[in-house]
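1. just coords:
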């Protein structure tokens with residue numbers, strides 16, 4: 001398809017079908033996919049993050065998947081620099097990129113062109129916050145963040161201690177999230193949001209989680225543990241990996257692990273809808289409730305891009 005002036009971008013909650021739709025779109029318009037979901041950056045994580053199959057990645061080029069060591073941290077600034085480099089490279093080659101992902105802060109920072117400061121990690125300060133969380137609890141730590149940096153806290157899941165600690169670091173750097181979050185036009189992007197009835201999405205997610213276990217999720221995490229990974233590893237912040245770890249270490253039962261993952265995923269979905277608001281008129285929302293294939297959403301996008 002010629003004369004695509006803005007970059008097609010597919011967003012929405014986890015499990016809604018973004019990856020399969022982006023694959024079909026890429027086939028139709030001869031594009032290539034740039035992943036913006038940070039869980040997919042990590043090597044060796046496959047089943048629990050529903051990574052695209054090798055067959056799909058052989059048919060359509062996928063970028064920013066499987067490039068990061070699971071023990072490595074990856075900042076928002078690094079993400080923005082890398083994705084913008086990819087986009088500029090595509091433009092020079094005349095390739096249409098298709099962005100896809102559900103990591104709210106990462107993709108909104110890209111779409112709205114946030115200016116993120118370069119700050120060096122303060123390990124001593126980070127250790128102090130970790131200790132504070134262990135002594136007084138994660139709720140206490142989140143309330144402290146909310147008091148000191150309220151605009152940052154409102155966009156962070158209070159149960160994600162790593163993100164809460166990162167919030168303190170960002171706040172101390174002088175980064176003013178409230179200014180960054182003023183609604184800016186998506187000047188370079190044409191954004192499509194996939195959504196569906198929340199009850200249907202939850203059922204779909206529950207089924208997907210059960211399938212992941214049948215496909216060998218426990219064995220995958222056992223392999224990661226054998227390579228020295230644990231709950232403190234950055235990649236284990238991806239939904240479910242910490243819970244599977246706890247099951248393997250006999251800290252919780254299998255049923256508890258499954259139920260906790262389902263609950264955490266629902267919390268994630270609610271958090272994603274805080275970033276991707278259904279009232280945001282910069283996003284063309286496509287409700288796929290009751291639709292069994294990608295044709296409905298694909299036709300809407302293709303007609304819009306013409």
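-> Ah, there it is. It should be emphasised that the depicted structure is a prediction, and the values quoted were computed from it without experimental measurement. Residues are numbered from 1 along each chain as shown.
2. so which residues make contact with stretch 44-53?
-> 15, 19, 23, 37, 39-40, 42, 62, 65-66, 70, 208, 212, 215-217, 220-221, 223-224, 227, 235, 238-241, 244 (CB atoms under 8 Å, 6 or more residues apart in numbering). All C-beta atoms are positioned from the backbone trio N, CA, C, and that covers glycine.
3. which among those count as buried?
-> Neighbour-count burial (16 or more other CB atoms under 10 Å) applied to the contacts of stretch 44-53 gives 15, 19, 23, 37, 39-40, 42, 62, 65-66, 70, 212, 217, 220-221, 224, 235, 238-241, 244.
4. picking that back up, now, the contacts of stretch 44-53 that are in helices?
-> Members of the contacts of stretch 44-53 lying in helices (criterion: DSSP state H): 19, 23, 208, 212, 217, 220, 221, 223, 224, 241, 244.
5. now the helix of greatest length in the chain against helix 217-226, angle please.
-> Counting by DSSP H, the longest helix found in the chain is helix 254-275. For helix 254-275 against helix 217-226, the angle between stretch directions is 90 degrees (axes from the mean of the first three to the mean of the last three CA atoms, to 10 degrees).
6. what about residue 25, neighbour count?
-> 25 (other CB atoms under 10 Å).
7. I meant to write residue 233 there.
-> 22.
8. quick one: residues contacting it.
-> 70, 71, 224.
9. quick one: the strands in the chain?
-> Secondary structure of the chain (DSSP state E): strands at 7-11, 32-35, 62-63, 97-100, 189-195, 283-287.
10. residue 168 is nearest to which of those strands?
-> Closest to residue 168 of those, according to CB to CB: strand 7-11, at 27.2 Å.
11. tell me which residue is most central in this protein.
-> The structure's the chain has its C-alpha centroid closest to residue 103; by CA atoms, centre = their mean the separation is 2.6 Å.
12. surely it is in contact with residue 35?
-> No. Using CB atoms under 8 Å, residue 103 is not in contact with residue 35; the gap is 9.5 Å.
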